[in-house]
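> Curious how this folds, go ahead:
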Amino acid sequence: MKAIPITTDALVLRTDFSDPFAWESIQAEVRAPAEFQAHVEFVSDREFDGAPVADLLALIPDDRELYPHDFLFVVDRTTVEQREHPVLVVDLGEERGRCFRVAPSELWGVENNLSISNMDFAEFADAVDDDGVFRGF
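Residues are numbered from 1 along each chain as shown. Coordinates of the predicted model:
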C-alpha cells in the first residue's frame, strides 16, 4: 500500500468503493453550508480499498511537518452502508487508534476544533450518542 497523501488540510480518506453515489453524497454533506467549513481534502484512491485502521495508522507519518493533524477521517464500509453516513474519526495523537464516528454535518466542528487545539479528541469521543456517533453538543 502506498503512503497517505501529504496535505495541509485534514484528510477524508475513502476505503470503501462499493457505492459511488454514497461517496458523492458524503462529500456534499461535508461541504454543505454551515456556520463554519471543514478544511479537508478528499482522497479517493483504490490503493486504500478495504484498508483497516491499523494499516492506515502505519502509513501516517509521525513527522507533524508532513501531516500536521492528530486525526484522520475515514469513509469506510460502515460510513457508506449506514443511512446517516457516519464518518470514522481516528486519533493519531495521545490515544493513537482510538475512534468514534461523526455525522457529516458535524464534521466541520470536529475538524475546526481539533485543528486549532481548541478541544481534544477525547472531548468529542466522550460526547458520542449511544450508537457511537457524534452529532454535536
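> Helices of the chain, start to end?
20-31, 53-59, 77-81, 107-115, 121-125 (DSSP state H).
> which other helices and strands contact the longest one?
So the one you mean is helix 20-31. With contacts defined as 3 or more Cβ pairs under 8 Å, 6 or more residues apart in numbering; DSSP states H and E, helix 20-31 has these neighbours: strand 10-14, strand 40-43, helix 77-81. (Each C-beta comes from the backbone N, C-alpha and C, glycine too.)
> Deepest-packed of these, please.
strand 10-14 (a mean of 23; mean count of other Cβ atoms under 10 Å).
> hang on, the earlier thing: TSV please, covering the helices of the chain and showing distance to residue 46 and mean pLDDT.
Compiled in TSV, the helices of the chain are given as follows (distance: least, Cβ to Cβ, whole Å; pLDDT from 0 to 100):
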stretch	distance to residue 46	mean pLDDT
helix 20-31	12	97
helix 53-59	14	94
helix 77-81	14	98
helix 107-115	23	96
helix 121-125	29	97
